[in-house]
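> Here is my input, please return the structure:
(one chain, ligands or ions: 2)
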Amino acid sequence: MTDCLFCRIVRGEIPAQKVAESEDCLAFRDIAPKAPVHVLVIPKAHFASLDAVPTAAVIGAMGMLAQRVAREEGIAGSGYRCVINTGDDGGQTVGHVHMHVLGGRALGWPPG
Ligand code: 5GP
Ligand code: ZN
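Numbering: from 1, shown residues only. Ligands and ions are numbered 1, 2, ... in the order given. A predicted model of the protein is given here:
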């Protein structure tokens, strides 16, 4: 049991706009969207960052739910980006590993 923000969303203690769920992962809209579609995919179990993820299965489960979200949000055809910011230089601000699913417009590259 942790009081991490995203763990609290998993437990329903903080409201979130859920868009999809699998056995191990949850997907909900980012509170400050950076693109027309901006969904966060997280494992229900707490891992502080990608660096703390213990098995490939966790990343696989996140990736497969991201794929489903992209299809259901209608951006699979136009294209989208999945990002896992990790640590300070990666710009990670919430200490529970999460995959951003961004789409609905052409996204710039490289990131700033
Ligand atoms: P990071 O910067 O760690 O890669 O991404 C964290 C993301 O979480 C940010 O895009 C931020 O807008 C989002 N976020 C922060 N707090 C909340 C919240 O309470 N609810 C939701 N839905 N998203 C949040
Ligand atoms: Zn957590």
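> longest helix anywhere in the chain?
Across the chain, the longest stretch assigned as helix under DSSP state H is helix 56-72.
> Give me the contacts around it.
19-25, 27, 37, 39, 41-43, 45, 47, 50, 53, 76, 80, 82, 97, 99, 101, 103 (Cβ atoms under 8 Å, 6 or more residues apart in numbering). (Glycine included, C-beta is placed from N, CA and C.)
> Drop anything exposed from those residues.
19-20, 24-25, 27, 37, 39, 41-43, 47, 50, 53, 80, 82, 97, 99, 101, 103 (16 or more other Cβ atoms under 10 Å).
> So which of those sit within strands?
In strands, defined here by DSSP state E, the members of the buried ones among the contacts of helix 56-72 are 19-20, 25, 27, 37, 39, 41-43, 80, 82, 99, 101, 103.
> from those residues, which is closest to ligand 2?
Taking Cβ to the ion as the measure, ligand 2 lies nearest I42 of these, at 7.8 Å.
> what's the spacing between the closest residue to the closest one other than its chain neighbours and ligand 1?
Spatial nearest neighbour of I42, excluding adjacent residues (Cβ to Cβ, 6 or more residues apart in numbering): H98 at 4.7 Å. Counting by Cβ to the nearest ligand atom, to the nearest Å, the gap from H98 to ligand 1 is 6 Å.
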